[in-house]
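Enquirer: quick one, fold the following:
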Amino acid sequence: MSAAARYRGVSLLALVGLFVSVYLLLYHMGFYGVLACGAGSCEAVQASKYAKFLGISVPAWGVAFYGAVFMLALVQQAGREETSLPGRLLALAALGGLGFSIYLTAIELFVLHAVCMWCVVSAILAVGIFLLVAPWRALGGRDKQVSA
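Expert: I've put the predicted structure just below:
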């Protein structure tokens with residue numbers, strides 16, 4: 001898969017994540033009385049003390065994360081090197097997003113014993129972004145081949 005195709009995929013996943021995060025943020029701000037969750041315990045998760053991180057609502061963090069990933073992926077679609085500053089920032093964001101999603105999922109499963117389906121969707125999107133960004137390319141560098 002070409003780099004341009006990967007970054008188009010990242011843009012699409014980030015845009016979906018942005019919509020999910022805005023929806024949850026609007027609920028958190030009181031614009032919706034009941035979450036459309038289907039299965040799961042979205043309201044219990046969103047009402048828990050873990051719905052804020054460093055004093056800021058988790059959905060607001062999601063809006064910031066997915067918005068930044070979307071913008072950086074658009075920049076990368078222009079053909080920049082993965083080791084450029086935007087490429088490295090995108091790689092760091094993908095790592096951070098995956099780590100935060102793992103943390104939040106662990107809180108849901110092992111502390112709250114409740115699962116929010118919207119959070120699961122967000123976690124899946126974060127994994128997809130991580131795999132498409134392939135941060136080991138930008139952060140770890142590639143072995144430089146010595147030509148004889």
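
Enquirer: might you list the low-confidence residue ranges for this protein?
Expert: 40, 138-148 (pLDDT under 70).

Enquirer: so which residue is smack in the middle of it?
Expert: The geometric centre of the chain, computed from its C-alpha atoms, lies nearest to Ala126 (Cα atoms, centre = their mean), at 3.9 Å.

Enquirer: may I have the phi/psi pair for that residue?
Expert: Taking degrees, to the nearest 10, you get phi -60, psi -40 for the backbone angles of Ala126.

Enquirer: look up how far Ala39 lies from it.
Expert: Computed with Cβ to Cβ, to the nearest Å, the distance linking Ala126 and Ala39 is 20 Å. For every residue, glycine as well, the C-beta is placed using N, CA and C.

Enquirer: list the contacts for Leu35?
Expert: Contact analysis of Leu35 by Cβ atoms under 8 Å, 6 or more residues apart in numbering lists 24, 27, 42-43, 46, 118.

Enquirer: list only buried entries from those residues.
Expert: 24, 27, 42, 46, 118 (16 or more other Cβ atoms under 10 Å).

Enquirer: from what I see, the second one and Gln46 are in contact.
Expert: When you say that, I think you mean Tyr27. Yes - using Cβ atoms under 8 Å, Tyr27 is in contact with Gln46, at 6.5 Å.

Enquirer: all strands in this protein, in order from the N-terminus.
Expert: For the chain, the strands defined by DSSP state E occupy 52-53, 56-57.

Enquirer: need those in JSON lines (columns: mean neighbour count).
Expert: Formatted as JSON lines, the strands of the chain follow (neighbours: other Cβ atoms under 10 Å):
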{"stretch": "strand 52-53", "mean neighbour count": "14"}
{"stretch": "strand 56-57", "mean neighbour count": "14"}
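
Enquirer: now those strands as a markdown table including distance to Phe70?
Expert: Listed next are the strands of the chain as a markdown table, based on distance: least, Cβ to Cβ, whole Å:
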| stretch | distance to Phe70 |
| --- | --- |
| strand 52-53 | 21 |
| strand 56-57 | 19 |
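
Enquirer: which of these sits closest to Thr105?
Expert: When those are compared by Cβ to Cβ, strand 52-53 sits nearest Thr105, at 13.8 Å.
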